[in-house]
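Visitor: A predicted structure for the sequence below; I have some questions about it.
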Amino acid sequence: MLSRLPLFSLWLTAVTYLAFAAWLGTSPAALLGAFQMPAGTAGMLIEIRAFYGGIELGIAATMLLLWHRGDRFAALLAGGLPLAGAASVRIVSMLIDEVSSLHLGIACAEASGGVLCLFSSWLVVRDSSGPVEEIR
């Protein structure tokens with residue numbers, strides 16, 4: 001079971017990033033609505049699509065390309081570190097600012113995804129027969 005966890009983690013995380021990017025690309029105002037913020041201007045919607053959707057799409061593509069190249073460790077780090085970082089900053093922000101159940105739920109999802117990918121990356125290193133391949 002643990003031998004399949006890295007592949008499961010990669011696909012689950014990459015598909016989640018792709019789905020979030022697609023959601024932001026097709027309905028950028030939905031993100032504002034989820035946080036009960038006014039829709040704002042067309043420029044704001046473009047920024048949500050480009051920045052948030054673009055980053056999500058880029059992370060998923062990076063994960064899949066690294067996995068395709070055979071660098072499972074880096075692929076899982078590429079997915080897990082942004083999630084762990086986002087969860088950490090979100091939790092600190094909730095300590096400073098007002099806490100909402102939506103932010104808490106998102107922090108839990110981000111932390112879970114980050115832990116899953118980082119644990120899987122540790123499994124890849126632990127199970128590898130040799131040293132982690134250097135970048136050339």
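Guide: Received the coordinates, thanks.
Visitor: quick one: buried residues of the host helix or strand of Leu10?
Guide: Using DSSP states H and E, Leu10 sits within helix 5-26. For helix 5-26, the neighbour count (16 or more other Cβ atoms under 10 Å) marks Pro6, Ser9, Leu10, Thr13, Ala14, Thr16, Tyr17, Leu18, Phe20, Ala21, Leu24, Gly25 as buried. Bear in mind the C-beta positions are built from the backbone N, C-alpha and C, glycine included.
Visitor: give the contact list for the first one.
Guide: Pro6 makes contact with Arg72, Leu76, Ser120, Ser121, Leu123, Val124 under the criterion Cβ atoms under 8 Å, 6 or more residues apart in numbering.
Visitor: try 6 Å this time
Guide: Counting by Cβ atoms under 6 Å, 6 or more residues apart in numbering, Pro6 makes contact with Arg72, Ser120, Leu123, Val124.
Visitor: please apply the same query to the second one.
Guide: For Ser9, the residues meeting the contact criterion (Cβ under 6 Å, 6+ apart) are Leu116, Cys117, Ser120.
Visitor: so how far is Glu98 from the closest residue in space to it that isn't next to it in sequence?
Guide: Leaving aside its sequence neighbours, Ser9 sits nearest to Ser120 (Cβ to Cβ, 6 or more residues apart in numbering; 3.9 Å). As judged by Cβ to Cβ, to the nearest Å, Ser120 and Glu98 stand 34 Å apart.
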